[in-house]
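Q: task: produce atomic coordinates for the following.
(one chain, ligands or ions: 9)
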Amino acid sequence: MFEVDVLVNWRRHEKWFAIVLLLVSAMFFHVRAFVGINIGTHVSNLPPASNVVSMLKLYKITHVRLYDADAQLLKALANSSIEVMVGVTNEEVLKLGKSPSAAAAWINKNVALYIPAINITAIAVGSEVLTSIPNAGPFLIRAMKYLHKALVAANLNLQVKVSTPQSMDVVLTSFPPSTATFNSSLNSTIYPLLQFLKTTKSYYMLNVYPYYGYMKGNGIFPLDYALLRPLSINRRIVDPNTLLHYTNMFDAMLDATYHSIKSLNFSDIPIVVTESGWPWSGGANETYATKKNAEIYVNNLISRVLNGSGPPSEPTNPVNAYVYELFSEDQKPGPMSEKNWGVLLTNGSAIYRLSLISSSVTGSSSVVYCVAKDGADPGKLQSGLNWACGQGGANCSAIQPGQTCFLPDNVVNHASYAYNDYYQKMQGNGGTCDFEGTATLTNTNPSHGSCVYIGSANAGGGNTDGGASVPAPSLSPGPFSSFRSSSSKLKAQLFHFLLSSMLLSASFLL
Ligand SMILES: *[C@@H]1O[C@H](CO)[C@@H](O)[C@H](O)[C@H]1NC(C)=O
Ligand SMILES: *[C@@H]1O[C@H](CO)[C@@H](O)[C@H](O)[C@H]1NC(C)=O
Ligand SMILES: *[C@@H]1O[C@H](CO)[C@@H](O)[C@H](O)[C@H]1NC(C)=O
Ligand SMILES: *[C@@H]1O[C@H](CO)[C@@H](O)[C@H](O)[C@H]1NC(C)=O
Ligand SMILES: *[C@@H]1O[C@H](CO)[C@@H](O)[C@H](O)[C@H]1NC(C)=O
Ligand SMILES: *[C@@H]1O[C@H](CO)[C@@H](O)[C@H](O)[C@H]1NC(C)=O
Ligand SMILES: *[C@@H]1O[C@H](CO)[C@@H](O)[C@H](O)[C@H]1NC(C)=O
Ligand SMILES: *[C@@H]1O[C@H](CO)[C@@H](O)[C@H](O)[C@H]1NC(C)=O
Ligand SMILES: *[C@@H]1O[C@H](CO)[C@@H](O)[C@H](O)[C@H]1NC(C)=O
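A: Ligands and ions are numbered 1, 2, ... in the order given. Next up, the predicted model:
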């Protein structure tokens, strides 16, 4: 089929660029965080597995978590290069915790069978077991140990990590973070859990819901704090013991968990956020479950994670997160909001705008420029400019009279060009975008006319004409660069091709 051919070629092309971009950006950004997505299946009109995978590819989703090990979905994910976390259901936990051979059979059927066609990187054993079925604690730990043993036997233990997602509710008094500890009644499970994670070099899986934290707070936290929106300095929340500043609840919840782990004398167990999201619709008493809030939260979460930094107490420990969730699970019991966490409709349309990382500055793939700050002192700009073109080693020939970036002939324009040239060349060696506070990073391409600024994504190549010509959003390897964020008409057309072929195949199946 013609459409499919186009799609395949385009994808190949794009993959090549994405790989180059990734390699280059990896040189400059030592950490690489990812955003994945949860796929719950309590959905009335769940699309066929192959269509689900097409949607994942369309939105450039690189990591998924399944709540079970559904064979249809796993088969459709084969050879897709999407990384997969599979799940043991809470019902299965009891069975596997009683029998090493059942655990070994589970690994064979749901993991070993699919490797290497599917990059399965983790097994989430149960879901919030400690808070939903506290008595199952001993079975949970045994199930994890048996599963790990079976992985060792299959020589898959280095590739596939075993862990279990926890609710924030296992932590008492999560604010201020430095006072947080685990509920000590759960110690008989949490302690061996941490021992297991530490010895198997696995990670702590955490479900982080500022939505619930905000609801429970009954107005003590600003909504912006829950939505990861910028807070004015005087509204930032300071932990009185550590003096760390918290600009959002997501980071505070991570630190509360890190602190709880530390207070049991464990260290070096990273946290992976297995769920986080915001419902876009709810009942009459769930007034914060709105499309607008969901859009703000999810997009801010994506840029927060892709900025590559950890929470205040663990700044160098990047946090990876799986958005909750791909489709709304209308068949779930509970309050109205419970059924409305999805980001896509089952026909593949986004429920609200899903933007890529355009607002993040040090994300793994966005193009970043260093320019003169608005309103900076002209004297300081002039000395910054002189330094950049002299000692700094920037190539300032383009801002000489008659050259492409000479106009407009003012110090702001010239300093911007020189700062950016310096920064792009030197950031890999510790060069910063500061210049005595007169410089700032931006995602807005300052190129104009034939004056071309180098962008971060290709700074290493030493080619000065690529920066502006690379249409960043459509080539970014990151997740969620939806077709809406792309200026490319082709991409929008392909989206329609894809959807019509999906609908076509769906109607064949009926
Ligand atoms: C995945 O790719 C491998 C190697 O190219 C091939 O042998 C296998 O059949 C593919 N699996 C599926 C399910 O497409
Ligand atoms: C699978 O994912 C891991 C973790 O990101 C990565 O290191 C590895 O290269 C991937 N393997 C394949 C075969 O894609
Ligand atoms: C601590 O855990 C126990 C056992 O699950 C539970 O009964 C208790 O309510 C928890 N305490 C708090 C304050 O959540
Ligand atoms: C938790 O359990 C471990 C191992 O039994 C014990 O060493 C530790 O003191 C306990 N911690 C708390 C806070 O109960
Ligand atoms: C952690 O270590 C400190 C110092 O070694 C000790 O005083 C404290 O009791 C330990 N706490 C636990 C929960 O084991
Ligand atoms: C909202 O109302 C529903 C039904 O009226 C009730 O079941 C639910 O507990 C309420 N939710 C909250 C958060 O108050
Ligand atoms: C990343 O986001 C956190 C939380 O908003 C912020 O404190 C931190 O400064 C950001 N890091 C960078 C490098 O932008
Ligand atoms: C998906 O369904 C929604 C609502 O029914 C509709 O507005 C939207 O146009 C559909 N999207 C596509 C691509 O068909
Ligand atoms: C400096 O930039 C100009 C174009 O602006 C280019 O022609 C020249 O080759 C560059 N010089 C060096 C040493 O990179």
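Q: can we go C-alpha only for contacts and neighbour counts from here?
A: Will do.
Q: what helix or strand is the closest residue to ligand 3 within the stretch 301-450 of the chain on?
A: Closest contact between the stretch 301-450 of the chain and ligand 3, by Cα to the nearest ligand atom, is at Gly334 (20.7 Å). Using DSSP states H and E, no element contains Gly334; it sits outside every helix and strand.
Q: what about it, how many residues nearby?
A: Other residues lying near Gly334 total 8 when counted by other Cα atoms under 10 Å.
Q: gap between the helix or strand where Thr440 lies and the chain center?
A: Using DSSP H and E, the element containing Thr440 is strand 439-442. Averaging C-alpha positions (Cα atoms, centre = their mean, to the nearest Å) puts strand 439-442 23 Å from its chain's average.
Q: tell me the residues of this protein that contact ligand 4?
A: Within the chain, the positions lying close to ligand 4 (Cα under 6 Å from any ligand atom) are 184, 187-188, 191.
Q: quick one: which of those has the most company?
A: That'd be Tyr191 among the residues of the chain next to ligand 4, by other Cα under 10 Å, with 16 neighbours.
Q: would you mind measuring from it to Ile269?
A: 13 Å (Cα to Cα, to the nearest Å).
Q: same thing with Tyr352?
A: Tyr352 sits 35 Å away from Ile269, going by Cα to Cα.
Q: repeat that for Tyr258.
A: Applying Cα to Cα, the value for Tyr258 to Ile269 is 8 Å.
Q: the residue of the chain at minimum distance from ligand 2 pairs with what?
A: Proximity of the chain to ligand 2 (Cα to the nearest ligand atom) peaks at Asn119, 4.8 Å away. Beta-bridge pairing of Asn119 under DSSP bridges involves Glu83.
Q: so what pLDDT did the residue of the stretch 301-450 of the chain closest to ligand 3 get?
A: We note a pLDDT of 93 for Gly334 in this prediction.
Q: mind listing what it touches?
A: Contact criterion Cα atoms under 8 Å, 6 or more residues apart in numbering gives no residues in contact with Gly334.
Q: now the residues of the chain next to ligand 4 in TSV, with secondary structure, pLDDT and distance to Asn317?
A: Formatted as TSV, the residues of the chain next to ligand 4 follow (DSSP: H, G, I helix; E, B strand; the rest coil; pLDDT from 0 to 100; distance: Cα to Cα, whole Å):
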residue	secondary structure	pLDDT	distance to Asn317
Ser184	helix	96	26
Asn187	helix	97	25
Ser188	helix	96	27
Tyr191	helix	98	22
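Q: closest to ligand 3 among those?
A: Closest approach between those and ligand 3, by Cα to the nearest ligand atom: Ser184, at 6.7 Å.
Q: give me the distance between that closest one and Met144.
A: With Cα to Cα as the criterion, Ser184 and Met144 are 21 Å apart.
Q: what's the answer for Val162, then?
A: With distances taken as Cα to Cα, Val162 is found 7 Å from Met144.
Q: which neighbours do the two share?
A: Each of Val125 lies in contact with both Val162 and Met144 under the rule Cα under 8 Å, 6+ apart.
Q: isn't Met55 right up against Gly348?
A: Yes: the criterion here is Cα atoms under 8 Å, and Met55 meets it with Gly348 at 6.2 Å.
Q: this structure: strands as residue ranges?
A: Using DSSP state E, the strands of the chain run over 35-39, 63-66, 83-88, 119-125, 161-163, 171-172, 181-182, 204-207, 237-238, 245-246, 271-276, 320-323, 369-372, 439-442.
Q: is the fourth one positioned near ligand 1?
A: No: interface with ligand 1: strand 119-125 contributes nothing (Cα under 6 Å from any ligand atom), its closest point being 11.3 Å away.
Q: mean confidence score for that strand?
A: Here strand 119-125 scores 98 as its mean pLDDT.
Q: ditto for the second one
A: Here strand 63-66 scores 97 as its mean pLDDT.
Q: ligand 9 contacts on the stretch 351-500 of the chain?
A: Contact residues (Cα under 6 Å from any ligand atom) of the stretch 351-500 of the chain with ligand 9: 395, 397-398.
Q: what sits against the residue nearest to Tyr146 when sequence neighbours are not counted?
A: Among residues not flanking Tyr146 along the chain, Pro100 sits closest, at 5.2 Å (Cα to Cα, 6 or more residues apart in numbering). Neighbour list for Pro100: 143, 146-147 [criterion: Cα under 8 Å, 6+ apart].
Q: quick check: pLDDT value at Pro100.
A: Looking at Pro100, its pLDDT stands at 98.
Q: give me the number of residues near Asn386?
A: When neighbours are defined as other Cα under 10 Å, Asn386 has 16 of them.
Q: again, but for Ala153
A: Ala153: 11 surrounding residues under other Cα under 10 Å.
Q: could you do Tyr352 as well?
A: By other Cα under 10 Å, 18 other residues sit near Tyr352.
Q: equivalent analysis for Gly455, please.
A: Gly455 has 29 neighbours, counted by other Cα under 10 Å.
Q: wait, it touches Tyr422, no?
A: No: with contact defined as Cα under 8 Å, Gly455 does not count as touching Tyr422 (11.5 Å).
Q: what's the pLDDT at the residue in the stretch 401-510 of the chain positioned nearest to ligand 7?
A: Residue nearest to ligand 7 within the stretch 401-510 of the chain (Cα to the nearest ligand atom): Leu441, separated by 10.0 Å. The model reports Leu441 with a pLDDT of 75.
Q: what residues does this structure put near ligand 3?
A: 134, 183, 185-186.
Q: Provide a PyMOL selection command restricted to the buried entries of these.
A: Here is the PyMOL command that selects the buried residues among the residues of the chain next to ligand 3 (16 or more other Cα atoms under 10 Å):
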select buried, resi 186
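Q: of the residues of the chain next to ligand 3, which is the nearest to ligand 1?
A: Checking the residues of the chain next to ligand 3 against ligand 1 with Cα to the nearest ligand atom, the nearest one is Pro134 at 38.9 Å.
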